[in-house]
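>>> How does the following fold in three dimensions:
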Amino acid sequence: LSYGDVFEFSQTISWQDLRDRITTQPPVIPGWSARWIANDLGLGEGVSDSLYAGRVQPYAIYLPQGYDPARATPLTWMIHSAQSQYGQYAALNPRLAQKLCEDRGSICVTPNGYGGLASVKYVEKEFWQIWRQLASDFTLDPARTVVSGYSAGGVFAYRMPHTYPSVFAAAMPLAGGFEQGCSSFGPEFGIGNFFPLDAHDRAANVRWVPQVVASSITDELSQYPGILIQGQRYEAAGDRDALFQMTSPEHIVTAIADGFAAVVDALPPDAQAPAAPRRIDYTWCPAAVDAAMGLGPTSVYWLSGLAQRDTSAADTLSRVVAESRAIADSQITPQVKDELVNSSDTPPMLLRRQEWMPGAPEPVENRIDLTLSNVAALTLDAAAAKLAFGVIAVQTDGAMTLTVTGLSSGARSFSLPAGASELSLP
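This next block holds a predicted model:
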């Protein structure tokens, strides 16, 4: 730049190859590099109201030194803060990248999110589009995806596993306040970040997604009461969680101090997203759904076709509690521990952690129990739930349609009234 010549960074493009739709494999560049993705949102061009528009958007990707396309590799999302962009962690957090990406042998990705402070639905749309491209270009392990982020990125790192728990192995929200996907203030980043009691409790959604949370006690944006309430919700739901209460001075200083080594170490090294857990407790709301953009939960583990009966308000809740007693598992006893953590890269932290203590095997029988609130329709995959024959007991607060697939005799649909019903299979 000082010589006014950037030729050595140029690349010759063959327009004929483009016309012929000739494709090449992406280069394998260890460490950070930038890639592009074309989106279909039609947001126009230019910059306005903190939105960096344009059909082509950049994103940052980190490939660990040992990346081998012959071996499935975990994926870690690092979502950037508000008023920032895709280069945030590459520029400001080399130690975090070393711990989270290189030391864990994980591909890491930071989307641009249209920069600045774009609508959460735009950010989510881009997130899925980038993930699709990554799955095409790299060999990913679909059971070992972690989502993390700082500040607004931490808000997103809460939102995604609470909305789509089936596809995440763990989450690491940093200075992200609390989970607010079904808040009365709506899903957008803003004033709702300061009112945790106006956000509905969806902690049970992440029973199978361990949460590692960190925030400064004196953070002016990710305020301590919200962090504490979120931790209490995880404990009440019996989730695995680790809450690091940091003593660094404030929001921006904590970010650029880059002192998250102990936090990253708390991520379970063997965490994997289960394909078919025994128990599902899932809550969602219209704020999580944008049918026109193809966004919103449609399935959770062995349940799919999720449809609400009442969608009158953005935070109107629906809930499904399902247990397949045909799936073998162990009884779990949550255990809470408090400790003081001294780390070389940050001031001392208080850590409150809830872990699982496994017990005796759960009794196995050919039965599934469903309890439904404000659910209009639901599809149950009996094969995935290990129920070849037996009973499905349903308790619903209103009329609903239950479709059962994965049966040797083919799919069956049942129109059920409010109250209790018992169905015999096959």
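
>>> What are the buried residues along stretch 344-363?
Thr346, Met349, Leu351, Arg352, Arg353, Gln354, Glu362 (16 or more other CB atoms under 10 Å). Bear in mind the C-beta positions are built from the backbone N, C-alpha and C, glycine included.

>>> I misspoke; the intended subject was stretch 256-267.
In stretch 256-267, counting by 16+ other CB under 10 Å, buried: Ala257, Asp258, Gly259, Phe260, Ala261, Ala262, Val263, Val264, Ala266, Leu267.

>>> just stretch 33-40 next, same as before
Arg35, Ile37, Asn39.

>>> The first one sits in which helix or strand?
Secondary-structure assignment from DSSP states H and E places Arg35 in strand 31-38.

>>> For that strand, give me every contacting residue.
Strand 31-38 is contacted from outside by 26-27, 55-63, 65, 86-87, 90, 97, 126, 129-130, 133, using CB atoms under 8 Å, 6 or more residues apart in numbering.

>>> The same query, at a cut-off of 6 Å, please.
Arg55, Val56, Gln57, Pro58, Tyr59, Ala60, Ile61, Tyr62, Ala90, Gln129, Ile130, Gln133 (CB atoms under 6 Å, 6 or more residues apart in numbering).

>>> Same check on stretch 110-124?
With CB under 6 Å, 6+ apart as the criterion, stretch 110-124 contacts 50-52, 57-60, 78, 80, 82-83, 85-86, 89, 126-127, 130, 187-188, 290, 293, 295.

>>> ok, now with 8 Å
Contacts to stretch 110-124, defined as CB under 8 Å, 6+ apart, come from residues 41, 43, 47, 49-53, 57-61, 77-80, 82-90, 126-127, 130, 152, 156, 159-160, 187-189, 290, 293, 295.

>>> how long is it end to end?
End-to-end distance for stretch 110-124, by CA to CA, to the nearest Å: 12 Å.

>>> swap in stretch 113-126?
With CA to CA as the measure, stretch 113-126 spans 7 Å from end to end.

>>> could you pull out the helices for the protein?
15-19, 88-92, 94-97, 120-137, 152-163, 224-237, 251-257, 261-265 (DSSP state H).

>>> Determine which stretch of those is the most buried.
Highest mean neighbour count among the helices of the chain (mean count of other CB atoms under 10 Å): helix 152-163, with a mean of 27.

>>> What helices and strands are in contact with that one?
Other helices and strands packing on helix 152-163, by 3 or more CB pairs under 8 Å, 6 or more residues apart in numbering; DSSP states H and E, are strand 73-79, helix 120-137, strand 140-150, strand 170-174.

>>> that older thread, return the closest of the contacts of strand 31-38 with respect to Met400.
Nearest to Met400 among those, counting by CB to CB, is Gln129 at 32.9 Å.

>>> Contacts only, for that closest one.
Ile37, Asn39.

>>> how about 6 Å then?
Counting by CB under 6 Å, 6+ apart, Gln129 touches Ile37.

>>> any idea how far it lies from Ala60?
15 Å (CB to CB, to the nearest Å).

>>> cool, Asp241 as well?
For Asp241, the distance to Ala60 - CB to CB - is 28 Å.

>>> And for Glu422?
Going from Glu422 to Ala60 by CB to CB gives 53 Å.

>>> if we can go back for a sec, worst average pLDDT in the helices and strands packed on helix 152-163?
When these are ranked by mean pLDDT, helix 120-137 comes last with a mean of 94.

>>> Centre of the chain to that one, how far?
Chain-centre distance of helix 120-137: 13 Å, with CA atoms, centre = their mean, to the nearest Å.

>>> Same question for stretch 145-165.
5 Å.

>>> ditto for stretch 359-368
The answer for stretch 359-368 is 29 Å, by CA atoms, centre = their mean.

>>> Would you mind measuring the gap between the ends of that stretch?
In stretch 359-368, first residue to last residue: 22 Å (CA to CA).

>>> Make 297 the first number, not 1, from now on.
Happy to do that; since the first residue is 297 now, the last one works out to stretch 655-664.
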